[in-house]
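J.: here's my sequence, what's the structure:
(4 chains)
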Protein chains: 4
Amino acid sequence: MITTDPFDDDKLREECGVFGIANVDTASAVVALGLHALQHRGQEAAGITSYDGDHFHSHRAMGHVAGNFDRDEIIRALRGHSAIGHVRYSTTGETALRNVQPLFADLSSGGFAVAHNGNISNAEKLRKDLVRRGSIFQSTSDTETVIHLVATSLYSTLIDRFIDALKQLEGAYSFVCLTSEGMIAARDPLGIRPLVMGMLDDAVIFASESVALDVVGAEFIRSVEPGEIIIVRDGKIRSVKPFAATPPRFCIFEHVYFSRPDSIVDGSSVYSVRKAIGAELARENGIAADLVIPVPDSGVPAAIGYAQESGIPFELGIIRSHYVGRTFIQPSDKVRHLGVKLKHNANKALIEGKSVILIDDSIVRGTTSMKIVQMMRDAGATEVHMRIASPPTRNSCFYGVDTPRRENLLASSKDVDQMCAHIGADSLAFVSIDGLYRALGEAARDDKVPQYCDACFSGDYPTPLTDHAKGSDSDQLQLLGEHLV
Amino acid sequence: MITTDPFDDDKLREECGVFGIANVDTASAVVALGLHALQHRGQEAAGITSYDGDHFHSHRAMGHVAGNFDRDEIIRALRGHSAIGHVRYSTTGETALRNVQPLFADLSSGGFAVAHNGNISNAEKLRKDLVRRGSIFQSTSDTETVIHLVATSLYSTLIDRFIDALKQLEGAYSFVCLTSEGMIAARDPLGIRPLVMGMLDDAVIFASESVALDVVGAEFIRSVEPGEIIIVRDGKIRSVKPFAATPPRFCIFEHVYFSRPDSIVDGSSVYSVRKAIGAELARENGIAADLVIPVPDSGVPAAIGYAQESGIPFELGIIRSHYVGRTFIQPSDKVRHLGVKLKHNANKALIEGKSVILIDDSIVRGTTSMKIVQMMRDAGATEVHMRIASPPTRNSCFYGVDTPRRENLLASSKDVDQMCAHIGADSLAFVSIDGLYRALGEAARDDKVPQYCDACFSGDYPTPLTDHAKGSDSDQLQLLGEHLV
Amino acid sequence: MITTDPFDDDKLREECGVFGIANVDTASAVVALGLHALQHRGQEAAGITSYDGDHFHSHRAMGHVAGNFDRDEIIRALRGHSAIGHVRYSTTGETALRNVQPLFADLSSGGFAVAHNGNISNAEKLRKDLVRRGSIFQSTSDTETVIHLVATSLYSTLIDRFIDALKQLEGAYSFVCLTSEGMIAARDPLGIRPLVMGMLDDAVIFASESVALDVVGAEFIRSVEPGEIIIVRDGKIRSVKPFAATPPRFCIFEHVYFSRPDSIVDGSSVYSVRKAIGAELARENGIAADLVIPVPDSGVPAAIGYAQESGIPFELGIIRSHYVGRTFIQPSDKVRHLGVKLKHNANKALIEGKSVILIDDSIVRGTTSMKIVQMMRDAGATEVHMRIASPPTRNSCFYGVDTPRRENLLASSKDVDQMCAHIGADSLAFVSIDGLYRALGEAARDDKVPQYCDACFSGDYPTPLTDHAKGSDSDQLQLLGEHLV
Amino acid sequence: MITTDPFDDDKLREECGVFGIANVDTASAVVALGLHALQHRGQEAAGITSYDGDHFHSHRAMGHVAGNFDRDEIIRALRGHSAIGHVRYSTTGETALRNVQPLFADLSSGGFAVAHNGNISNAEKLRKDLVRRGSIFQSTSDTETVIHLVATSLYSTLIDRFIDALKQLEGAYSFVCLTSEGMIAARDPLGIRPLVMGMLDDAVIFASESVALDVVGAEFIRSVEPGEIIIVRDGKIRSVKPFAATPPRFCIFEHVYFSRPDSIVDGSSVYSVRKAIGAELARENGIAADLVIPVPDSGVPAAIGYAQESGIPFELGIIRSHYVGRTFIQPSDKVRHLGVKLKHNANKALIEGKSVILIDDSIVRGTTSMKIVQMMRDAGATEVHMRIASPPTRNSCFYGVDTPRRENLLASSKDVDQMCAHIGADSLAFVSIDGLYRALGEAARDDKVPQYCDACFSGDYPTPLTDHAKGSDSDQLQLLGEHLV
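T.: Now for the predicted structure:
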């Protein structure tokens, strides 16, 4: 049971997870395990690139890690002692294989492979400049921009070229790169997206979340720091900090929903934070009822926290099927409306005649909330109160998270009462922004220098948004509409 | 979150689920939804046969319902107002498509399709007799025996031939059959396997569990009774009871593990029964500890019951990945031992320094229990107590459940203390057989006429086991070793 | 260059080829080669069944032998010293895998596999009787009838049961059967379809054409005689002739078109016979012209014969692409008419300003002839004379050849002058029926006891046609409309 | 029957064919037909890129045109009035999809797609320079070099950039390019590889051979001239000749083997030239024998020419199977030697007791010749004389033809007598180089300024071979060893 919901259309979606390991036998086998543990960060495609001392080897595939990277012949072909990998959820229609990472290029300095979690918010502007000077892009990915910046940099060493490239970027990035000389990890100056370092005997690992270290049996060392570049070469680890120091702005939604509950993110246990948010919710917006029911699976930790704080029993009032992927399409209008129960079914014998408090992590479009409330009523609930373990989600993310257009966010156009009416609940409450910061151990949000990036709630974006500025001509990239085999 | 664990190698496995509907538009679309809700009863293959008034149409496939029966062209080809379907987990190596149900034959009376949940315990003897008389078998399935008995019966009407066939069978069966004249449901005289009837407007439905009625929006009517045959023809429902009445022996393990917690089985809520077993466990074998932790997902309801009865907090101490299928094969010896964490990972921040009570539904081989106990210790648990929501599983099932050979059942050769030492726990306790019957509303087990089939615990089999008798020459069937495309 | 044209829509099509070998290492590998040499007799599907002394192994696939039976893992799984195989072209829409041969059944005497070339003309009547008595059919193939007749025969030995079955059959058959006791070959009393025997060291081979013996390096021994059953067991060969002797009626069209030109069929070289037909044509219907041009590839030997007899030079005036399969579908109405040139293109530089004689083996629908004549005119031919190396094809075949319905045979409704006008030639002539018999070494056709089956030309069918009789209720079989994976 | 043998391991292989059409509805459908007619020039992969006025669309696939580009959904997705296509046979192990043409890049001037027949003999040197300056290559194809030269050219218009790029190239090329402004065709200054122009109503077509014009129903206009660039824009055709004029050196092997016999190449009918070579052979190296037998299919026209000149009858003494692809692998050592007969089988009844003259187009490794000679002897030939319709092939081609390494060319290390002994013939003769030129209408080869590129026979290469010069460090390119899905 993990809190990150793999297939929900009504959730924000993390776009990526990265994993790299240097100096180990069968590096690609370890990467495959690590990516599997990060699968919730990107279910659409996965890739691994390895280096065997002479050649780079790469395999990229649509679909999950399992079913692709657990095949012996694939792993055996990905030879070498160093490898990096990537899982991806793409936001645009461009789901072509060539956008699947790691991206690779044969530079004059040798092979260079990159896996990226985040989003470069001036990528389109940079791309136009590069094309004008003769660079030819293979993908529509913002990540490729970085490679061309490295390729055309006038500096001489690869590290200098890489730093030269980073300095031209805006936005959020956690990079893991593989070169013929070693492995490089880098995190943007605000540290928006997570990246941790671990050790497995002599091998160095970089991963988006600590749970990937657990799964491969590695020891957690520390987070890569905001603005830090770490270079692993010839068994040595070197740290470089080419940026001026600024207060970090870690993504607060990693705590609310993205990260696995068994991860330690930014120094805190995700599970504990979520329980603490549930307890805040109970204190801020408590209400009398018979049962506390999580919307599975992401609402479970907050529901436990709410139940423990309130003393109202925690019960499984909604049963979720293990077998629901995003692809089950009801083949007839007649049966289309039945679909919702495929995924969630009310535990009728439990619900009937009871007043219930439903706990969910967030409301995005509100479609799921509406169905779940109705399902509770159909099962005989006398009252249905909805409590949400985050503030209203009102703004799009430009840092590597798939958010619906602003107008499709229920909270962008409705206040809490209107939202309550919309989803049909007897009452609705969200944890306050300060309540959320309290659950994270802060006294309150520092509105002058917020401790986190909470733009999705506050609209307070920590970087310029060049490509998204009004009047920007950075239209959607449309490279060759290639059919994939 | 459902209690039936889809991929666990260390669980007993239900072999089948059946679903049929008569008198509805796009019957096959409804069957696909119903089968999806029964997917936990058989993940290996699925099939649907429909009848459009002139022709029968069938599609059978290896794999899940989703990915096969949510394709529009498949459902559209399965034309007709009546259809039956089947999900299957096979116990033998014979995973060929021709064993996937529904089985179909073109009899002199017209087409005849059968979906079967259960196991005919004298099928091999019957088969030998039939082959001797010129019948040619297409499959190695015990179910095909029934079809040949119908084909060669000397009675004249199809129903009489079907009853003639049933009277020759031993063992457990819930059948749903589709003929050119209507639909037939039948349950063995002891009612070992479940079968319920529902209505969706004018349409009649038969399904292994009530949850399949919920998912298609149908109303639960009643269980098909042990020994009852129900015939749906020309919009009329007729009940026939050709067997002498005997006390029923419903499978008790459906309550412990097989059925979904949101099903009403045999008149009881599965979720409530499981919570009640957890409460019995707490009363019978309570122990002081900091946390009650379910082994996800099947241990969750019993853990909630235990926690509520004992007052010890319920916590998610083990996080389970949504993405673990049975096929992720670690491609290198080096990393093979890491596999266990792919599926279950300890919530270290929670566990560290705490004494824990683990709740699981059963112990089969003990392999998972051993790993989970060790995982708790590695995460820093000070004490690990294991409590099991069923008595020790000591005997094989011959009624449609995949049980390991007796010698591989941990409880067949070890007493509770030895099992505790084997899995490395500080203490281990099982609910008593009478405690289990109490959770089901009985005062205790009636040893003379047990209210349930509990042979897996007691060794008390309610039918003869002709094919399994000592000295029987009923060797494993080995039909053509065909390669499937 | 072989005379049997693999993909032509305007040709009659042989439905099957068979091959079996007993007593050799890797029997299935030899069968794969043999089937490959017989591929022109059936391009739709192929299958091999082997016996390893304990078990039967089978693999059947849609498509060609190459691409299926040249895969190492397939051949290795088809273990054993004896194996039979089949290539198939099916006439009906029933292209399901379950109709692909060899068919296999597990009889009380053990496994029994059958490969059949021909057609049982009372199969539907026999089938109805068998179903009435309780037999369940797996396929819609006429061949399965034989297996059920064997299974239900009251005789005791397998050979007696097999003879008992054959005696109930009408029509054309060359069977190769594999049992746990040995291999059996059988040919119908009239010897309508071919079947030869060869030896490869100690191994005995049966094959539809001698070319399959050449390809596997075996020695041609003799034809299996009409009405003969040959049994290979324990290294011994036994011949049985259970039928009263009758004058044979070998299929004359095997010489005209079906067999490969490098085969020895019925004692004659197919290539020599075709050249002799061409020479007869030149003598019977000679005409002055500049060039003799074969319609490739099947018209080539007759064109060489015609050119040598007439002294007019043989030239490649039509170039045929190697790459045209039956599946290239022009994707737009705009370009659909261009399709004909994909397959055949005029050698314009040669044709321009010349009078040409086109030689083809037969005219079925006439569609190709019409296009080819037009193509010659477009290329600048001054005169186009068509000469056909067989008499007009006026009647359907019921002995294992795919013929269009009678009304679609051009010759069934038009005389030669009308056909000439229809295809647009300056003149058209067919070889006479006596000319054809002369090319085969006869003085003329013996109209009382014809030396061959020439029903397609003469309408003189050598057997009753029970299933096709007027008033017969033997409607098209329609078993389960199963989707294949 | 075409002379270019699709699957022979013992033949030189043309690497490519190109086809483009501008200004027609469903351009991609026409391109698919045209590529199909050019399939013999490259059987390994095929691709089409179209332009619909707004976007480029591309589909590239391993395998034949049929099976890929006859699928309606593929063609419909390749929208637009202009399209180019390519068929490819690759010489190196790099068979990855990313090397399949047309190659495409998004330049600052818009999309730019290229299809190339030929080989750039200084591509590796150019590539190194480009990478040094920051260009990132997507493929290992020499063709990509041209695209980067265009992208980084300092000229401003696309045509000037393209000419700037061409001027840096050495070697052989026939290009067809598609841009957002129009279509561009270009042929190298020596005109080594063919390229013709045709019209289909208002549409302009470029194709490697005239047969592709025939197949789409277009009119042949003229060859693109050596060194000519033709631009089709806004319905207008413009010709540019940026190179100084030099005597052309068309590839003589196109006449001997590569082109289809029904093509008009360089002003001559390929079929007539081949017959003329056969006649030269008969005059130069006539010998008494019973039969003239072509090695099918490429030896047929020369054999007809030989037979007509000598008066010895032309006969099909070798029958070739239509069904032999390059992939049929004999699965057992036991049967491996049988393979040769799968493809070619002696017409024994014809050969026995006769002296034969075999006619083939060329001898490359000699492996096929050796087998065929032996096959004739095994069939009973009394004498076997081999005559070859080209001079001995002694040198590798660097202009877009797959030649074995020089040491594997039989003629590179043996004189004619040694070759005769090697293949086991009674006599062997090749047409003389002057005989070959005579068949092409020349009086003789002009050794000072040869009329053709005949480097494979003479070693006289018409361009520098920068990448192949001794001491060149242009090692084999080894980009990412990517696995293809």
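J.: could you use CA atoms for every contact and neighbour count after this?
T.: Will do.
J.: mind checking the SS state of the nearest residue to residue A:293 once chain neighbours are set aside?
T.: The shortest distance from residue A:293 to any non-neighbouring residue, by C-alpha to C-alpha, 6 or more residues apart in numbering or on different chains, is to residue A:358 (4.9 Å). For residue A:358, the assignment made with DSSP: H, G, I helix; E, B strand; the rest coil gives strand.
J.: quick one: residue A:358 and residue A:298 touch, right?
T.: No - here residue A:358 does not reach residue A:298: they are 11.9 Å apart, not a contact under C-alpha atoms under 8 Å.
J.: distance check, residue A:38 against chain D.
T.: Per C-alpha to the nearest C-alpha, to the nearest Å, residue A:38 is found 23 Å from chain D.
J.: for that residue, which residues are in contact?
T.: A:17-18, A:87, A:208-209, A:211-212 (C-alpha atoms under 8 Å, 6 or more residues apart in numbering or on different chains).
J.: go again with 7 Å.
T.: A:17, A:212 (C-alpha atoms under 7 Å, 6 or more residues apart in numbering or on different chains).
J.: which of the residues in the helix ranked longest in chain A are buried?
T.: The longest helix of chain A (DSSP state H) is helix A:270-285. By neighbour count on 16 or more other C-alpha atoms under 10 Å in any protein chain shown, the buried set for helix A:270-285 is A:270-282.
J.: and it, what does it pack against?
T.: helix A:300-310, helix A:433-439 (3 or more C-alpha pairs under 7 Å, 6 or more residues apart in numbering or on different chains; DSSP states H and E).
J.: name the residues that touch the following helix or strand past the shortest one?
T.: In this case it means helix A:433-439. Using DSSP states H and E, the helix or strand that follows helix A:433-439 in sequence is strand A:452-453. The list of residues contacting strand A:452-453 from outside it, by C-alpha under 7 Å, 6+ apart, reads A:192, A:249-252, A:462.
J.: one more: stretch A:301-319?
T.: Under the contact criterion C-alpha under 7 Å, 6+ apart, stretch A:301-319 has outside partners A:271, A:274-279, A:281-282, A:290-295, A:344-347, A:350-351, A:359, A:389, B:1-2, B:262.
J.: near the residue in the stretch 1-150 of chain A that chain C sits nearest to, how many other residues are there?
T.: Using C-alpha to the nearest C-alpha, the point where the stretch 1-150 of chain A gets nearest to chain C is residue A:73, with a distance of 16.1 Å. Neighbourhood size, residue A:73 [other C-alpha atoms under 10 Å in any protein chain shown]: 10.
J.: any part of the helix or strand hosting it near chain D?
T.: Assigned by DSSP H and E, residue A:73 belongs to helix A:72-77. No - applying C-alpha under 7 Å from any C-alpha of the partner chain, one finds helix A:72-77 separated from chain D by no less than 8.2 Å.
J.: quick check: buried residues in the next helix or strand after that helix?
T.: Note on helix A:72-77: by DSSP H and E, the next helix or strand toward the C-terminus is strand A:82-88. For strand A:82-88, the neighbour count (16+ other C-alpha under 10 Å) marks A:82-88 as buried.
J.: now do the phi/psi pair for the nearest residue to residue A:402 once chain neighbours are set aside.
T.: By the measure of C-alpha to C-alpha, 6+ apart, the closest residue to residue A:402 outside its immediate chain neighbours is residue A:13, 5.0 Å from it. Dihedral pair for residue A:13: phi -130, psi 120, per degrees, to the nearest 10.
J.: do residue A:16 as well
T.: Residue torsions, per degrees, to the nearest 10, at residue A:16 are phi -160, psi 160.
J.: got the domain ranges for chain A?
T.: Using automatic domain parsing, the domain ranges for chain A come out as A:14-249, A:268-321+A:337-441.
J.: I'd like these written out as CSV, with mean pLDDT added.
T.: Shown next, in CSV, are those (pLDDT from 0 to 100):
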stretch, mean pLDDT
domain A:14-249, 93
domain A:268-321+A:337-441, 94
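J.: can you tell me if stretch A:68-79 touches chain B.
T.: Yes - using C-alpha under 7 Å from any C-alpha, we find that stretch A:68-79 touches chain B at A:70, A:72, A:75.
J.: chain B contacts on the stretch 101-250 of chain A?
T.: By C-alpha under 7 Å from any C-alpha, the residues of the stretch 101-250 of chain A that approach chain B are A:215-217.
J.: residue A:152 against residue D:132, yeah?
T.: No - at 8.9 Å, residue A:152 does not count as touching residue D:132 under the criterion of C-alpha atoms under 7 Å.
J.: higher neighbour count, these two?
T.: residue A:152 (21 against 14).
J.: hmm, back to that, what's the most buried one of the helices and strands packed on helix A:270-285?
T.: Each of the helices and strands packed on helix A:270-285 was assessed for mean neighbour count using mean count of other C-alpha atoms under 10 Å in any protein chain shown. The highest is helix A:300-310, with a mean of 26.
J.: beyond that one, next helix or strand please.
T.: Moving toward the C-terminus from helix A:300-310, the next helix or strand (DSSP H and E) is strand A:318-320.
J.: adjacent strands (with direction) for that next one?
T.: Using DSSP bridges, strand A:318-320 pairs in its sheet with strand A:344-346 (antiparallel).
J.: give me the residues contacting the strand it pairs with.
T.: Residues contacting strand A:344-346 (C-alpha under 7 Å, 6+ apart): A:317-321, A:375-376, A:379.
J.: any idea which of those residues is closest to chain D?
T.: Of all these, residue A:321 has the smallest distance to chain D: 31.1 Å, by C-alpha to the nearest C-alpha.
J.: count of residues packed around the residue lying closest to residue A:233 once chain neighbours are set aside?
T.: Ranked by C-alpha to C-alpha, 6+ apart and with sequence neighbours excluded, the top spatial neighbour of residue A:233 is residue A:182, at 4.7 Å. Using other C-alpha under 10 Å, the number of residues around residue A:182 comes to 20.
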